[in-house]
Structure formats: structure tokens, C-alpha cells
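>>> need a structure here:
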Amino acid sequence: GTERLTESGDSESVSRLHAEFFLSFAERAESELFTAQQPACLIRLERDYDDFRAAMAWALESEDDGEIAIKIAVGLTVFWVWHRHVGDGQEWLEQAVLHSKNASPRLRASVLARAALLHAKKLKDFERPRGWLKEALRLCQEEEMTEVTTEVLYSAGVTSWYEGEFERMSKYFEDLEAHT
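Presented below is the predicted three-dimensional model:
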């Protein structure tokens, strides 16, 4: 199988197609998780989880396709939290953050917010998430990204809650309410 694929020279294109398929799957699943399709969606995500990991690993190693891994990680964040994969998700999101320096401001802000949320939830370490959220908020203000600003303010509020900083949490949620 794998040896023949490598010998044929098609390994790279097949890996890219595989990653693109699972990117599309992750993006569809993210919205399905908030519908009546949620139970079936969670089962499919869990069943295909090794394929998501393989797609992200390939994309992060590829010079030109790191953005695929970032988008898959963003798309799987809710699944990671709901299906008790927070530690794994936190590691993938941190890898995505490292590879997102040249991503669009919208994608970078989103991955920073999600990485902050899972990092704070899993590790109870708040310094790094605060820095990520600060950068994400700056990007949102510079680019006037309403939808992503909502996501970042929510992540900042929940991260502050994890930290026990309830006044800061209230401020973020007040900003969120005013923003929506």
C-alpha cells in the first residue's frame, strides 16, 4: 500500500486530497455540532479521528499546506472539548498557532482564541493564553472582524473564568454583549 504509493510518485497528491477531504469534513462538522445532527456527527468525528490527526500531521509537515492543519484544528475545537480530547486538541492548536504566523488575520485570530481556551482549560496556565488573546483582539480591531471578535471575546471571558478572574470575565462578557 504505502510503499507502492510512494514509489508511484502520487503520495504527495493523495496526502493533499486526504487532508482537503478532512478539512471539508471538519468545517461541516463544526456547524453540525449545533444541530439535531450532533450525535451522529460526534460518532463520525470519533470514528475518523485518526484520519484527522494524519491529515493535520501531514499538513504541518508540508511547506505549502500548513493552513489546512490550522483550519482542521479550528474546526475540531468544539469536538475536542465535548468529546474529552482537550489535551490532544490543545497540543494540535498550539502547533497550529506556531504555523499560523503567515495565515490571514481572521484565521490567526481564531486559532489564537481557540488555543488560549483549550490551553487554559487543560494546563491551568494563563500567561500564554493571555498573550494569544491580546494578539487576537488586536488583530480583530485592526481588521474589523465582527464574527471573529465575538469568538475572541467569548474565549477571553471563559479563559478569565478558568483563571478565577471574575471581574475580567464580566468585562469580556459585557463587551461581547455590546458587540453582538
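
>>> Now do the contacts for the one residue sitting closest to the centre of the chain.
The centre of the chain sits closest to residue 74, judged by C-alpha atoms, centre = their mean, with a distance of 2.3 Å. By C-beta atoms under 8 Å, 6 or more residues apart in numbering, residue 74 lies in contact with 26, 30, 96, 107, 110-111, 114. All C-beta spots, glycine's among them, are computed from the backbone N, C-alpha and C.

>>> now swap in residue 179 and tell me
Contacts of residue 179 by C-beta under 8 Å, 6+ apart are 146, 149-150, 153.

>>> And these, which two are furthest apart?
For the contacts of residue 179, the farthest-apart pair by C-beta to C-beta is 146 and 153; their separation is 10.8 Å.

>>> Looking at those two, which has the bigger crowd around it?
residue 153 (25 against 10; other C-beta atoms under 10 Å).

>>> excluding its backbone neighbours, what's nearest the more buried one?
Among residues not flanking residue 153 along the chain, residue 176 sits closest, at 4.1 Å (C-beta to C-beta, 6 or more residues apart in numbering).

>>> Check the contacts of residue 179 against residue 133 and report the nearest one.
Closest to residue 133, out of all of these and judged by C-beta to C-beta, is residue 153, at 9.1 Å.

>>> where's the closest residue in space to residue 80 that isn't next to it in sequence relative to residue 115, distance?
With C-beta to C-beta, 6+ apart as the criterion, residue 80 has its nearest non-adjacent residue at 2.9 Å, and that residue is residue 89. Distance check for residue 89 against residue 115: by C-beta to C-beta, to the nearest Å, it reads 9 Å.

>>> try residue 122
Counting by C-beta to C-beta - residue 122 and residue 115 are separated by 11 Å.

>>> swap in residue 107?
12 Å.

>>> Can you give me every residue that contacts the closest residue to residue 145 other than its chain neighbours?
Nearest residue to residue 145, sequence neighbours excluded (C-beta to C-beta, 6+ apart): residue 106, at 5.5 Å. Residues counted as contacts of residue 106 (C-beta under 8 Å, 6+ apart) are 143, 145, 148.

>>> Which of those residues fall in helices?
143, 148 (DSSP state H).

>>> For the contacts of residue 106, pick the one with the most neighbours.
residue 148 (22 neighbours).

>>> could you measure that residue against residue 114, distance?
11 Å.

>>> Do you have the helices of the chain handy? List them.
So, for the chain - with DSSP H - the helices run 2-8, 11-32, 38-47, 49-61, 66-82, 86-98, 105-123, 127-143, 146-163, 166-179.

>>> Would you mark the buried spots in the second one?
What it means is helix 11-32. Buried residues in helix 11-32, counted by 16 or more other C-beta atoms under 10 Å: 15-16, 19, 22-23, 25-26, 29-30, 32.
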